[in-house]
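Chemist: With the input below, show me the fold.
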Amino acid sequence: MRILWFTGAIMPDVKDYYGWGDVRGTGSWMGALLESLKGIPELELGVATAQPNCPESRLKIDGVEYFVVKQQSQKFRRSLFPVDNSPVYLKKCADIVDDYNPDLIHVHGTERFYAELMSKEKVRCPLVISIQGIMDSYSEWYRYFGKLSVKDIFNITKYNSIKFSGLLWELRVAKQQAARERLYFKKGKYFFGRTDWDKAYIDYFNENAKYFKIGEALRKPFWQRQWKLDKCKRHRIIFTNTKLPRKGTELLLDAVIRLKQLYPDIELILIGSPGSGGYGNYMNRRINDLGETVKSRGEMNADEIGDELCNAHVFISASYIDNSPNSLGEAQIVGMPVIASYTGGVPSMVKDGETGLLFPTGDVPLLVSKIKSIFENDELANKLGENAMQTAKKRHDPDRIVSDLLTAYEEIILDAIK
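Modeler: Residues are numbered from 1 along each chain as shown. Okay, the predicted model is just below:
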């Protein structure tokens with residue numbers, strides 16, 4: 001069985017080959033899955049990606065064949081013109097398909113242009129799309145900007161906008177991606193997903209599509225750690241994605257301001273950079289206003305994040321919209337209590353009161369109440385952490401995921417022959 005992936009991120013082997021380190025880019029779940037698939041006798045695997053500022057290359061590392069299509073810098077072009085489905089790059093990807101001659105193409109995510117390959121004149125083999133986020137929902141104004149007011153948005157974006165960058169230009173690109181994604185949902189025949197939410201989207205746009213539930217793999221360092229209440233720093237909150245308004249970092253800052261009156265020793269640990277430009281500057285000002293209460297750790301690798309999770313009292317995902325955030329799964333698998341907003345696919349990961357606590361999206365008072373319940377009730381914290389760990393170990397079991405994936409590959413290939 002010969003499978004060709006198309007990914008929006010560079011895989012770890014390629015990063016290591018070029019010496020880029022393990023925190024460049026995203027896509028950790030794909031890297032973890034790739035490691036689990038290596039060495040399977042019946043599987044030949046190729047991985048292709050198109051990236052700006054990367055050398056065009058073809059490499060074979062540890063039994064996997066990698067293809068990199070070099071794109072020109074996207075910043076200016078993507079700001080003025082449609083998203084990056086340039087005929088030049090699409091043709092290069094089609095040429096990779098012709099050269100590799102796979103039995104099946106597996107496209108990871110709907111954000112990029114790869115699913116354009118499903119057109120019969122471009123490739124002849126079947127194509128399956130893994131749903132990651134859903135741009136149709138992510139690009140809604142009230143979710144994309146989170147709690148930012150119109151005044152905040154104007155102040156944050158006014159200088160970046162004249163440089164064809166910043167939140168408003170990025171929203172424009174997201175809207176373009178959403179429009180293209182809807183076509184993929186309508187035209188596609190095979191989809192991988194993992195939550196009730198993403199399945200609902202496929203059913204809504206395409207009742208005839210074949211949907212397969214495939215879990216996401218998590219990186220090994222999170223399996224190797226276990227949270228203990230008596231070893232963590234009490235009243236320490238942790239969150240591991242701060243770059244986008246829709247991730248809800250502002251909600252956490254507002255909650256901490258209120259909680260500091262009750263818990264003077266409270267800390268908020270933010271992993272990941274708020275980024276540069278207007279939004280990054282805005283977030284850094286807000287973080288600095290809270291002094292030592294908020295500590296921004298910047299980018300970290302999996303081992304470092306795992307250690308930080310075990311040192312915190314509670315993990316919080318405050319997103320305005322998400323499908324199945326890997327950061328939430330990572331916190332659950334180390335066995336710590338989690339609090340998450342009730343949005344998108346998150347309820348498929350968290351059962352309120354059993355494997356975590358849920359709060360309505362954007363509701364700071366209720367978020368504060370949920371945090372207090374963890375801080376004040378050790379029995380609840382331990383119960384939630386233990387239940388979350390047991391559930392997450394089943395959900396993210398690599399052997400089960402690989403078995404489900406190979407079975408789905410085989411079924412799609414056979415179905416396409418009929």
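Chemist: Tell me if I'm right that residue 109 and residue 30 touch.
Modeler: No - using Cβ atoms under 8 Å, residue 109 is not in contact with residue 30, being 9.1 Å away. Yep, even glycine has a C-beta here, placed from its N, CA and C like the rest.
Chemist: More neighbours: these two, which one.
Modeler: Between residue 109 and residue 30, counting by other Cβ atoms under 10 Å, residue 30 is the more crowded of the two (24 against 21).
Chemist: quick one: that one from residue 134, how far?
Modeler: Separation of residue 30 from residue 134 (Cβ to Cβ, to the nearest Å) stands at 17 Å.
Chemist: Can you work out which residues contact both of residue 109 and residue 30?
Modeler: Common contact partners of residue 109 and residue 30 (Cβ atoms under 8 Å, 6 or more residues apart in numbering): residue 7.
Chemist: Now the residue nearest the centre of the chain: closest residue in space that isn't a chain neighbour?
Modeler: Closest to where the C-alpha atoms of the chain average out (Cα atoms, centre = their mean) is residue 325, at 5.5 Å. With sequence-adjacent residues excluded and distances taken as Cβ to Cβ, 6 or more residues apart in numbering, residue 325 is closest to residue 317, at 5.5 Å.
Chemist: Same question for residue 335.
Modeler: Closest residue in space to residue 335, ignoring its immediate chain neighbours: residue 389 at 3.6 Å, by Cβ to Cβ, 6+ apart.
Chemist: so what are the domain limits for this protein?
Modeler: By the record's domain assignment, the chain is partitioned as 2-217+397-417, 220-395 (automatic domain parsing).
Chemist: Which of those domains comes out lowest on mean pLDDT?
Modeler: When the domains of the chain are ranked by mean pLDDT, domain 2-217+397-417 comes last with a mean of 89.
Chemist: tell me how far that domain is from the chain's mean position?
Modeler: Put simply, domain 2-217+397-417 sits 11 Å off its chain's centre (Cα atoms, centre = their mean, to the nearest Å).
Chemist: again, but for stretch 361-373
Modeler: For stretch 361-373, the distance to the chain centre is 24 Å (Cα atoms, centre = their mean).
Chemist: just to revisit the earlier point, might you report the residue contacts of the residue nearest to residue 325?
Modeler: Contacts of residue 317 by Cβ under 8 Å, 6+ apart are 239, 248, 325, 327, 328, 338, 339, 340, 341, 346.
Chemist: burial count for residue 183?
Modeler: Using other Cβ under 10 Å, residue 183 has 14 other residues around it.
Chemist: Please, which helix or strand holds it?
Modeler: Assigned by DSSP states H and E, residue 183 belongs to helix 167-187.
Chemist: Mind listing what's buried along that helix?
Modeler: In terms of neighbour count (16 or more other Cβ atoms under 10 Å), helix 167-187 has its buried residues at 167-178, 180-182, 184-185.
Chemist: Also stretch 236-246?
Modeler: Neighbour-count burial for stretch 236-246 flags 236, 237, 238, 239, 240, 241, 242, 244, 245, 246 (criterion: 16+ other Cβ under 10 Å).
Chemist: Please apply the same query to stretch 390-404.
Modeler: Neighbour counts over stretch 390-404 (16+ other Cβ under 10 Å) mark 391, 392, 395, 396, 398, 401, 402, 404 as buried.
Chemist: Pull the residues that contact it.
Modeler: By Cβ under 8 Å, 6+ apart, stretch 390-404 touches 32-33, 36-37, 40, 212-218, 329, 332-333, 349, 351, 355.
Chemist: Narrow the residues you listed to just the buried residues.
Modeler: Among the contacts of stretch 390-404, those classed as buried by 16+ other Cβ under 10 Å are 32-33, 37, 212, 214-218, 329, 332-333, 349, 355.
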